[in-house]
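1. okay, here's the prediction I keep looking at, along with the sequence it came from:
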Amino acid sequence: MQKNYTRLAGKIVLLLCVIALSVTVGKAQSVYLPQSYQLYQKFNADIYSKGSRMHTALRPFLIDSTLNERYGQLLDRGVDTTRKNWFSRKLFNEHLIDVKTNEYTFYGDILLESTFGKDFNDESTEPINFKPVGFGPNSRIGLNTRGFQFGGTVGTKFSFYTSGYENQASFPDYYTDYVKLTGFVPGQAYDRAPSKSYRDYSYATAILSYTPIKQLNITLGQDKTFIGDGYRSILLSDYSAPMPLLRLTANVGNIQYMMMWTYMQDINVPQFDSFGGNRRKWGLFHYLDWNVSNSLSFGFFNAYTVPEADDQGNRRGFDVNFINPVIFASGLGPSSQPGNALVGFTGKYKIFDKTALYGQLLIDRFKASSFFKNNTTDNTNGVQLGIRGADIFGVKDLNYLVEYNAVKPYTGFSNQVISSYSYYSQPLGDPFGANFREVTGIMNYSIGRFDIQGQLLYAKYGTDGLNENNGRDIMKPFPATPANTTIGQGITSNLYYAEGTVSFLINPKYNMRLELGGIYRQEKSDLANKKAAVITFGLRSSFRNLYHDF
């Protein structure tokens, strides 16, 4: 009976979209804007204005009329148009390659990053093979990156973008420990040098974007997707690595509807399948965002992950049932190919001009009678509440965000580990996975070519002892007899995190900047008290969104 109701509701939603598509004109464009919190918060005054009706929860954005003016200002930020010298123009004002005609555009850049620093609480005596110039002979923190980006448009309907990076880095101990544990640099790629004291890894994205009609965009490639208005997303975030995807987005009046298919893989999963070294799985995602008014919007989300092969290595391939445009119908697939289904909801309300309340609800397992109980795993779910705004106290380009996230133990887990809500063994939602609560506050200020950002974070979570599964590590199977779902169960840990950066923009076209940063991190539990006090300085480029606050 419940499946019949779900199927009927999905058909009604689809019918409404088709009707709206036939009578309205959307605003979707084809030009891609890389997802980055540092970049996107600069649009707060425009997209959270009471006068804007832009859909803000599906990211990366495609540039439309709401973003055009502000985006142009950012590209011209601090540009001195009187420069005549070719080298000076390319260094401070322009793309390295920049071609514009009536039929097409093309740009390209070399992206270099070189930073050095020190963790003042590091007491390690491990020999160091990678030693960037630092604060002294014992410096361990450093990054050496060589990268590129190319992008452009063909006509008014087609655009493309690709970027690639080769990296060698020495991280603070807490970050290095995580990489060694998982074999993966968060949000990027494999660690190719696990036996060395530095990490060696790559990062690559590539997308083709096509808008055949104003109401529809088709994106194919390898990239990240973020759903929500917050700094984190407990539904689908950009914390994990770029993934192969096909994404269709329809903008139909007050409705934005996204369907996405992904091809994912996981490491550290028992029993490899017969196709390559890693276990692989398909992901199906739907998201519908409805602007009720200029101030109020609601969103509806679901995800379904299913393995490409069973535990015996028998490949099933891509099932035609996954080509399903109906939201909330993901779990109605064939029983011969069981997977892991999640449902979510988003909401946003602009309480003042340029100020919005937002939230998310994630539901993995649900039973109404025990929804508020902690001694049962009938319910595994998560919640987000936040507020963000721009031009606070009347100061232009002073933006802020305050956010709370909590996810119960075992949320996103699956009886079959390969079906867990993960990619390359990284959570697809919040970096903490499950069994946590956190609160974070961020402030940004831009003046001239200077950007200043400060962040404070507190998190409480429960980790595992030997041979334990307390519901945080999403790459463990859902236990047959779990104890309860109290957040913090297991070895209770408290994390205190503070980060500040000051940067000077050199070239706005690809965000090349000199950046001074500092991190203080303390993780306390009954078993350990780990501290890091890190300071870094150097040259940074690109708009990549990478997390260190976990």
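-> Perfect, thanks for sending it.

2. what stretches of the stretch 301-450 of the chain score poorly on pLDDT?
-> Across the stretch 301-450 of the chain, the ranges flagged by pLDDT under 70 are 317-321, 324, 326-337, 367-378.

3. oh sorry, the question was meant for the stretch 1-150 of the chain
-> For the stretch 1-150 of the chain, applying pLDDT under 70 flags the ranges 1-30, 122-139.

4. which residue ranges of the stretch 1-150 of the chain form strands?
-> Assigned by DSSP state E, counting those that start in this stretch, the stretch 1-150 of the chain shows strands spanning 32-33, 58-59, 61-62, 97-100, 104-119, 141-154.

5. do the stretch 201-350 of the chain as well
-> Counting by DSSP E, counting those that start in this stretch, the strands of the stretch 201-350 of the chain are 216-223, 226-227, 243-252, 255-266, 279-291, 296-307, 340-352.

6. from those, which stretch is densest packed?
-> Most buried of these, by mean neighbour count (mean count of other C-beta atoms under 10 Å): strand 226-227, with a mean of 24. Where you see a C-beta, it was placed from the backbone N, CA and C, and this is true even at glycine.

7. list of residues touching that strand?
-> 35, 57-60, 233, 235-238, 287, 299, 301, 344, 346 (C-beta atoms under 8 Å, 6 or more residues apart in numbering).

8. with distance to residue 514 added, can I get the strands of the stretch 201-350 of the chain in CSV?
-> Putting the strands of the stretch 201-350 of the chain into CSV (distance: least, C-beta to C-beta, whole Å) gives the following:
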stretch, distance to residue 514
strand 216-223, 28
strand 226-227, 27
strand 243-252, 32
strand 255-266, 36
strand 279-291, 38
strand 296-307, 38
strand 340-352, 35
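
9. show me the one of these that comes nearest residue 466.
-> Taking C-beta to C-beta, strand 255-266 is the member of the strands of the stretch 201-350 of the chain nearest to residue 466, at 23.3 Å.

10. which residue comes closest to residue 45 once chain neighbours are left out?
-> residue 390 (3.9 Å; C-beta to C-beta, 6 or more residues apart in numbering).

11. and the helix or strand encompassing residue 453, which strands flank it?
-> Using DSSP states H and E, the element containing residue 453 is strand 450-463. Strand pairing for strand 450-463, determined by DSSP bridges: strand 436-447 (antiparallel), strand 491-507 (antiparallel).

12. surely residue 296 and residue 349 touch.
-> Yes: the pair residue 296 and residue 349 qualifies as a contact (C-beta atoms under 8 Å) at a distance of 5.2 Å.

13. and the gap between residue 96 and residue 510?
-> 9 Å (C-beta to C-beta, to the nearest Å).

14. neighbour count: these two, which is higher?
-> More crowded of residue 96 and residue 510, by other C-beta atoms under 10 Å: residue 510, with 22 against 16.

15. find the residue at the geometric middle of this protein.
-> Centroid-nearest residue in the chain: residue 238, 1.2 Å away (criterion: C-alpha atoms, centre = their mean).

16. make JSON lines out of the strands paired with strand 450-463 and add mean neighbour count and distance to residue 425.
-> Shown next, in JSON lines, are the strands paired with strand 450-463 (neighbours: other C-beta atoms under 10 Å; distance: least, C-beta to C-beta, whole Å):
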{"stretch": "strand 436-447", "mean neighbour count": "19", "distance to residue 425": "17"}
{"stretch": "strand 491-507", "mean neighbour count": "18", "distance to residue 425": "20"}
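
17. nearest to residue 199, of those?
-> Smallest distance to residue 199 across the strands paired with strand 450-463 (C-beta to C-beta): 19.9 Å, for strand 491-507.

18. from the centre of the chain, give me the residue that's furthest out.
-> No residue in the chain sits farther from the centre than residue 84, which is 39.7 Å out by C-alpha atoms, centre = their mean.

19. how about the strands paired with strand 450-463, which one is nearest residue 115?
-> strand 491-507 (11.3 Å).

20. could you give the mean pLDDT of that closest one?
-> Averaging pLDDT along strand 491-507 gives 96.

21. roughly how far is that strand from the heart of the chain?
-> Distance of strand 491-507 from the chain centroid (C-alpha atoms, centre = their mean, to the nearest Å) equals 17 Å.

22. that strand to strand 104-119, inter-axis angle?
-> With axes from the mean of the first three to the mean of the last three C-alpha atoms, to 10 degrees applied, the angle from strand 491-507 to strand 104-119 works out at 130 degrees.

23. how about strand 491-507 as CSV, C-alpha atoms only?
-> Listed next in CSV are the C-alpha coordinates belonging to strand 491-507 (Å, rounded to 0.1, in the frame of the first residue of the first chain):
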residue,chain,number,x,y,z
ILE,A,491,34.1,6.6,22.6
THR,A,492,32.7,10.1,22.9
SER,A,493,34.9,12.7,21.3
ASN,A,494,34.7,16.5,21.4
LEU,A,495,36.3,18.5,18.6
TYR,A,496,37.1,22.2,18.8
TYR,A,497,38.2,23.8,15.6
ALA,A,498,39.1,27.4,14.6
GLU,A,499,40.4,28.6,11.2
GLY,A,500,41.2,32.0,9.8
THR,A,501,42.5,33.1,6.4
VAL,A,502,43.6,36.4,4.9
SER,A,503,44.2,36.5,1.2
PHE,A,504,45.3,39.0,-1.4
LEU,A,505,43.8,38.5,-4.8
ILE,A,506,46.3,38.6,-7.7
ASN,A,507,44.2,37.4,-10.6
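
24. if we can go back for a sec, for the strands of the stretch 201-350 of the chain, which one sits closest to residue 205?
-> Minimum separation from residue 205 across these (C-beta to C-beta) falls at strand 216-223, 5.1 Å.

25. give the partner strands of the closest one in its sheet and their orientations.
-> Checking strand 216-223 against DSSP bridges gives partners strand 199-213 (antiparallel), strand 243-252 (antiparallel).

26. count the neighbours of the closest residue to residue 239 other than its chain neighbours for me.
-> Leaving aside its chain neighbours, residue 239 sits nearest to residue 431 (4.9 Å; criterion: C-beta to C-beta, 6+ apart). Neighbour count of residue 431, defined by other C-beta under 10 Å: 20.

27. try residue 31
-> Using other C-beta under 10 Å, residue 31 has 20 other residues around it.

28. count of neighbours near the residue nearest to residue 45?
-> The local packing of residue 390 (other C-beta under 10 Å) involves 24 other residues.

29. okay, it and residue 445: tell me how far apart.
-> Counting by C-beta to C-beta, the gap from residue 390 to residue 445 is 11 Å.

30. overlap in contacts, the two.
-> 397-399.

31. Throw the residues you listed into a markdown table and include distance to residue 379, thanks.
-> Output for the shared contacts of residue 390 and residue 445, formatted as a markdown table (distance: C-beta to C-beta, whole Å):
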| residue | distance to residue 379 |
| --- | --- |
| 397 | 42 |
| 398 | 40 |
| 399 | 35 |
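
32. out of these, which are buried?
-> Among those, those buried by neighbour count (16 or more other C-beta atoms under 10 Å) are 398-399.

33. quick one: which of the shared contacts of residue 390 and residue 445 is nearest residue 467?
-> residue 399 (45.9 Å).

34. how about the strand holding residue 453: buried residues?
-> 451, 453-457, 459-463.

35. how near is residue 463 to residue 174?
-> Going from residue 463 to residue 174 by C-beta to C-beta gives 13 Å.

36. any idea of the mean pLDDT for stretch 226-244?
-> Averaging pLDDT along stretch 226-244 gives 96.

37. measure it end to end?
-> Start-to-end span of stretch 226-244 (C-alpha to C-alpha, to the nearest Å) is 15 Å.

38. just give me how far it sits from the chain centre.
-> Distance, centroid of stretch 226-244 to centroid of chain: 3 Å (C-alpha atoms, centre = their mean).

39. so where is the stretch 151-300 of the chain shaky, pLDDT-wise?
-> Applying pLDDT under 70 to the stretch 151-300 of the chain picks out residues 270-277.

40. who's in contact with residue 167?
-> Residues near residue 167 by C-beta under 8 Å, 6+ apart: 113, 143-145, 185, 188, 199-203.

41. most surrounded residue in the residues you listed?
-> Going by other C-beta under 10 Å, residue 185 tops the contacts of residue 167 with 26 neighbours.
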